[in-house]
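In: Return a 3D structure for these sequence lines:
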Amino acid sequence: MIKKLVKHGNSSALIIDKPIIEMLHIDENTNLELSTDGVNIIISPVSGTDRTNMLRNSLGRINDKHSKTLKKLAK
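Out: Next up, the predicted model:
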């Protein structure tokens, strides 16, 4: 399937056809993760487990970077 980006305000959008949306069991409320391998764009639905892991990783990075400040604020 060949697609082109369409203009959407100041951005570009990719329209995903209904059969693909139904096959992946996603809808307009599904969070999607975009990544790349340097050549391809990879679009994946974010599951609850993935979101939890992403949150834990983010919190870990915040704690590593700002632990001293967070400890001072907690006092």
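In: Please report the residue range of the longest helix in this structure.
Out: Using DSSP state H, we find that the single longest helix of the chain is helix 48-74.
In: Look at stretch 30-38 and report the distance between its end residues.
Out: Stretch 30-38 has its terminal residues 25 Å apart, counting by Cα to Cα, to the nearest Å.
In: can you check stretch 7-17 too?
Out: Start-to-end, stretch 7-17 (Cα to Cα) is 17 Å.
In: roughly how far out does that stretch sit from the chain middle?
Out: 17 Å (Cα atoms, centre = their mean, to the nearest Å).
In: what does stretch 37-56 give?
Out: Worked out by Cα atoms, centre = their mean, stretch 37-56 lies 6 Å from the chain centre.
In: Residue ranges in this protein under the pLDDT threshold?
Out: Counting by pLDDT under 70, the chain has low-confidence residues at 48-51.
In: And the residue nearest the centre of it?
Out: With distances taken as Cα atoms, centre = their mean, Glu33 lies nearest the centre of the chain, 3.0 Å away.
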